[in-house]
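sequence and predicted structure are below.
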Amino acid sequence: MKQQYDSSLCRCRLIVGLVTMLSAMVFAGGTNGWDFAADLPAGGHPLRALWTVKQGFDVPEDGGIAFDLNCTNPELFSHITFTAIRGDLAVPAMVGAADLRPCETQRIYLTRRDFTLKDLVKDGKLPDGKLDDWSGFESLRISAWRIAAKPADVKVHIANMAEFHGPPPVPLVPPPNAKALVPPREGERRFISCHRPYGVDEKSGWDKTARRMKACGFTDVLPLMGRPGGVYYRSSVLPVVDYVTQHGDQLEACLKACRQYGLKCHPCKVSFNLGRDCPKELSERMGKEGRLMVTADGRELKRWLCPTHPDNIRDEVETFVELAGKGVDGVRLDFIRYFGTDTCFCPRCRALFEARTGAGDGWVKKLKGDPALLEKWDAFRCGNITAVVKAISEKVRARHPGVEISAAVFTGDRPVNIARVGQDWQDWLAKGYVDHVSPMTYTRSRNSYLVMLERNRAGIDAGRCYPYIGPSVWPWFDKPVKPARLREQVNAVREAGCYPGFAVFEFSEYSSKLCEKVFGKSGKSGE
Ligand SMILES: [Zn+2]
């Protein structure tokens with residue numbers, strides 16, 4: 001196996017070498033070409049390969065930018081992000097790595113619509129929701145995000161970066177062509193998230209929302225009922241938001257509607273993330289109490305809570321016990337993880353790590369270059385998150401047996417998730433801390449979706465896994481709405497044969513209409 005792998009790698013190198021030589025010959029007259037490499041060891045570190053194409057460019061309105069791309073090992077990555085950089089402005093465009101063929105040069109066309117403004121808008125950097133000036137970008141940053149834990153020596157060649165005008169000759173993502181739904185298996189469970197605590201919109205409320213969900217053939221509802229800073233139901237554990245005083249207990253309303261329409265209800269509560277709209281005072285108070293996550297260089301993350309602070313742990317456990325006691329069918333954990341690789345280095349976490357592992361002075365600085373220490377750090381972080389999941393599970397099961405416990409989790413190989421966010425959900429499943437999980441398999445590429453489905457079932461009982469489908473996660477890409485994209489992901493889950501259902505994220509004003517179009521008021525999700 002090893003030998004076969006090495007020889008194919010050699011072939012790739014040879015081809016890349018030839019392509020590079022060819023590029024140099026053909027483009028000697030002032031055109032451009034860049035070679036990048038990354039030696040990725042087995043495991044989850046580093047999480048991504050990062051390169052920069054130092055060439056200025058504009059993204060014309062009637063076209064975009066194009067370049068040749070050749071990657072030796074696209075299968076290692078979930079996606080490759082191409083980020084247009086201008087000063088401190090960074091606008092990303094995502095390419096599904098599974099749409100790239102190894103060692104083959106493909107021309108990539110990026111239009112303005114392929115660049116994502118969502119996070120810039122959410123962070124308040126684009127108040128009117130659009131980017132007015134698409135000129136004068138200084139460079140293109142390439143981030144190849146790991147999905148596979150296997151080692152590889154990756155080579156990437158970029159050439160002929162130039163503006164183009166007119167429609168892109170090759171679409172960035174192969175167009176969807178699923179015309180009909182594959183029939184579901186018997187007893188298929190179809191979860192639907194709703195990320196607003198009051199239903200699809202405030203006017204509809206839960207009665208109308210639940211009726212529409214039922215008409216789409218969904219079986220289980222995952223309503224987001226709050227974050228550590230405030231919840232939308234009467235609580236004796238967490239602060240209750242004003243909305244409840246004015247409009248009533250939203251969990252009660254949701255549960256009543258679910259009962260009326262024969263839907264199961266699994267309220268979802270975000271664990272360690274305070275949310276973008278978290279009041280500044282709350283975040284400041286959390287900081288003063290030492291409850292926020294801290295990066296290696298000592299920066300407090302204003303929206304993230306540290307999973308080793310006793311008050312944070314107590315709030316998590318008691319919240320889920322309280323929720324489970326409200327007559328619901330299940331509880332859903334979300335954001336039960338670290339922010340990323342670079343947390344948490346708060347004084348308490350440092351002291352705990354030192355006490356447990358005997359790590360000496362200056363270990364934080366040595367961490368990245370010391371694989372043995374990194375392994376201990378990963379185990380420490382995972383242990384902290386798993387301890388919270390275990391504590392929630394034990395108490396919920398003791399007090400409210402029969403209430404399902406589930407979690408939204410990261411997608412990718414187990415070591416990659418462990419390194420990335422300290423989330424060992426395969427372990428949670430194996431030990432029975434959770435009944436089922438939904439990996440966040442968010443992509444618009446069918447090929448990437450298939451790869452994720454395949455990787456997520458490794459080493460687990462897939463009968464306890466309901467992959468996410470995120471039609472509303474990328475609504476700006478596929479306008480006008482393409483129901484075929486939703487259909488092809490539903491079909492992918494059904495055709496995989498091993499999954500007992502799926503979870504759609506989420507029932508918004510936009511995607512609820514898409515769901516109705518696809519699942520049909522009478523179509524009942526293809527039954
Ligand atoms: Zn900490």
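Everything's here; your move. Numbers count the residues shown, from 1 in each chain.

in the chain, where is pLDDT below threshold?
For the chain, the stretches flagged by pLDDT under 70 are 1-31, 472-481, 521-527.

what parts of it come near the ion?
Listed as neighbours of the ion in the chain under the rule CB under 5 Å from the ion: 306, 344, 346, 349. For the C-beta atoms, the positions are set from N, CA and C on the backbone; glycine is no exception.

right, and the second one touches residue 309 too?
When you say that, I think you mean residue 344. No - assessed by CB atoms under 8 Å, residue 344 is found out of contact with residue 309, at 9.3 Å.

okay, the two: which has more neighbours?
Per other CB atoms under 10 Å, whichever of residue 344 and residue 309 has more neighbours is residue 344, with 26 against 20.

residues in contact with that one?
By CB atoms under 8 Å, 6 or more residues apart in numbering, the contact list for residue 344 reads 293, 294, 306, 307, 308, 338, 381.

show me which pair in the residues of the chain next to the ion is furthest apart.
306 and 349 (6.5 Å; CB to CB).

mind listing the shared neighbours of these two?
Residues touching both residue 306 and residue 349 (CB under 8 Å, 6+ apart): residue 294.

settle it for me: which of the two has more neighbours?
Applying other CB under 10 Å to residue 306 and residue 349 shows that residue 306 carries more neighbours, namely 25 against 20.

just to revisit the earlier point, counting neighbours, which of the contacts of residue 344 comes out on top?
In terms of neighbours by other CB under 10 Å, the contacts of residue 344 top out with residue 293 at 28 neighbours.

please identify the helix or strand for the nearest residue to residue 105 once chain neighbours are set aside.
Of all residues not flanking residue 105 in the chain, residue 70 sits nearest, at 4.5 Å (CB to CB, 6 or more residues apart in numbering). Taking DSSP states H and E as the definition, one finds residue 70 inside strand 63-71.

for the helix or strand following that strand, which outside residues touch it?
Using DSSP H and E, the helix or strand that follows strand 63-71 in sequence is strand 77-86. By CB under 8 Å, 6+ apart, the residues outside strand 77-86 that reach it are 52, 57, 59, 71, 74, 90-97, 100, 108, 110, 115, 136-148, 411-412, 443, 448, 451-452.

just say helix, strand or coil for residue 516.
Going by DSSP: H, G, I helix; E, B strand; the rest coil, the secondary structure assigned to residue 516 is helix.

which phi and psi does residue 89 have?
With angles defined as degrees, to the nearest 10, residue 89 sits at phi -90, psi 130.

and it, bridged to which residues?
Beta-bridge partners of residue 89, counted by DSSP bridges, are residue 86.

SS state for the residue nearest to residue 339 when sequence neighbours are not counted?
Distances taken as CB to CB, 6+ apart put residue 304 closest to residue 339, at 4.7 Å, once the chain neighbours are dropped. Three-state call for residue 304 (three-state DSSP): strand.

what's the answer for residue 222, then?
Three-state assignment for residue 222 (three-state DSSP): strand.

first to last residue in stretch 99-118, what's the distance?
23 Å (CA to CA, to the nearest Å).

quick check: buried residues in that stretch?
Judged by neighbour count using 16 or more other CB atoms under 10 Å, the buried positions of stretch 99-118 are 99-100, 102-103, 105, 108-112, 114-117.

reformat those as a markdown table; add secondary structure.
Shown next, in a markdown table, are these (three-state DSSP):
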| residue | secondary structure |
| --- | --- |
| 99 | helix |
| 100 | coil |
| 102 | coil |
| 103 | coil |
| 105 | coil |
| 108 | strand |
| 109 | strand |
| 110 | strand |
| 111 | strand |
| 112 | helix |
| 114 | helix |
| 115 | strand |
| 116 | coil |
| 117 | coil |
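
which among those gets closest to the ion?
If you rank those by distance to the ion using CB to the ion, residue 116 comes first, at 30.6 Å.

nearest spatial neighbour of the closest one, chain-adjacent residues omitted?
Excluding its sequence neighbours, the residue lying closest to residue 116 (CB to CB, 6+ apart) is residue 92, at 5.4 Å.

quick one, domains of the chain?
Domains of the chain are assigned by automatic domain parsing as 11-165, 190-519.

take those domains and lay them out in CSV including distance to residue 174.
Listed next are these as CSV, based on distance: least, CB to CB, whole Å:
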stretch, distance to residue 174
domain 11-165, 6
domain 190-519, 7
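
output the longest strand belonging to this structure.
strand 152-165 (DSSP state E).

figure out how far that strand is from the centre of its chain.
When distances are taken as CA atoms, centre = their mean, to the nearest Å, strand 152-165 is centred 26 Å away from the chain's centroid.

output the contacting helices and strands for that strand.
Applying 3 or more CB pairs under 8 Å, 6 or more residues apart in numbering; DSSP states H and E, one finds that strand 152-165 contacts helix 2-26, strand 33-40, strand 48-53, strand 63-71, strand 139-146.

now the element after that strand, going C-ward?
Remark: after strand 152-165, the chain's next helix or strand is strand 189-194, criterion DSSP H and E.

residues contacting that next one, please?
When contacts are defined by CB under 8 Å, 6+ apart, strand 189-194 is touched by residues 184, 200, 209, 213, 216-224, 266, 268, 438, 466, 500-507, 515, 525.
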